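Q: here is the input, now give the coordinates:
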Amino acid sequence: MPDHDFQQLTGNAHEDWTLFAVRFFDKPGAADLRRQLLQAHLEWVAAQADMLRAAGSLRESPTETPVGGLWVVRAPSKAAVEALIATDPFTTGGLRAGWDIFYWSKALPQPVSF
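A: Numbering: from 1, shown residues only. A predicted model of the protein is given here:
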């Protein structure tokens, strides 16, 4: 394995943005509400592509109803992430029970793509 400068990989002092991982928790029993809000949420997600680098639902198995979601966000601050979350139809529509926001650092140098 080649040597990596992990300080360089995990820091971004040369940038005006930071990467964040956000883990969302849906309210229990809110599958119907999720379905009602889904189209507005997906349209909103598409409009946030400058900040939302990855976004999707989380499930205990592929056939289960989502229990929450996960985002990777590029933003200048944690406050900017909180402001973004506040405008999401899943948040304004009452689906979210809560969320955790973490500062996220890539551990490997190669670009991320799916």
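Q: going by C-alpha atoms from here, please, whenever you check contacts or count neighbours.
A: OK.
Q: where does pLDDT dip in this protein?
A: Filtered on pLDDT under 70, the chain yields the residue ranges 1-16, 112-114.
Q: 50 instead, please
A: The chain contains residues with pLDDT under 50 at 14.
Q: before we move on, what SS does residue 22 have?
A: Using DSSP: H, G, I helix; E, B strand; the rest coil, the structure places residue 22 in strand.
Q: what separates it from residue 36, distance-wise?
A: From residue 22 over to residue 36 the distance is 22 Å, taken as CA to CA, to the nearest Å.
Q: and those two? which has more neighbours close in?
A: Taking other CA atoms under 10 Å, residue 22 and residue 36 do not tie; residue 22 has more neighbours (20 against 13).
Q: tell me who's in contact with the more buried one.
A: 70-73, 99-102 (CA atoms under 8 Å, 6 or more residues apart in numbering).
Q: rerun at 6 Å
A: Residues touching residue 22, when contacts are defined by CA atoms under 6 Å, 6 or more residues apart in numbering, comprise 70-71, 100-101.
Q: looking at the residues you listed, which are in helices?
A: When helices are assigned by DSSP state H, not one member of those lies inside them.
Q: make sure I have this right: residue 36 is in a helix.
A: Yes: under three-state DSSP, residue 36 sits within a helix.
Q: list the contacts of it.
A: Taking CA under 6 Å, 6+ apart as the criterion, residue 36 is in contact with no other residue.
Q: show me where the chain has strands.
A: 18-26, 52-58, 68-75, 96-103 (DSSP state E).
Q: spatially central, which residue of this structure would that be?
A: For the chain, residue 71 is the residue whose C-alpha lies nearest the centre (CA atoms, centre = their mean; 1.3 Å).
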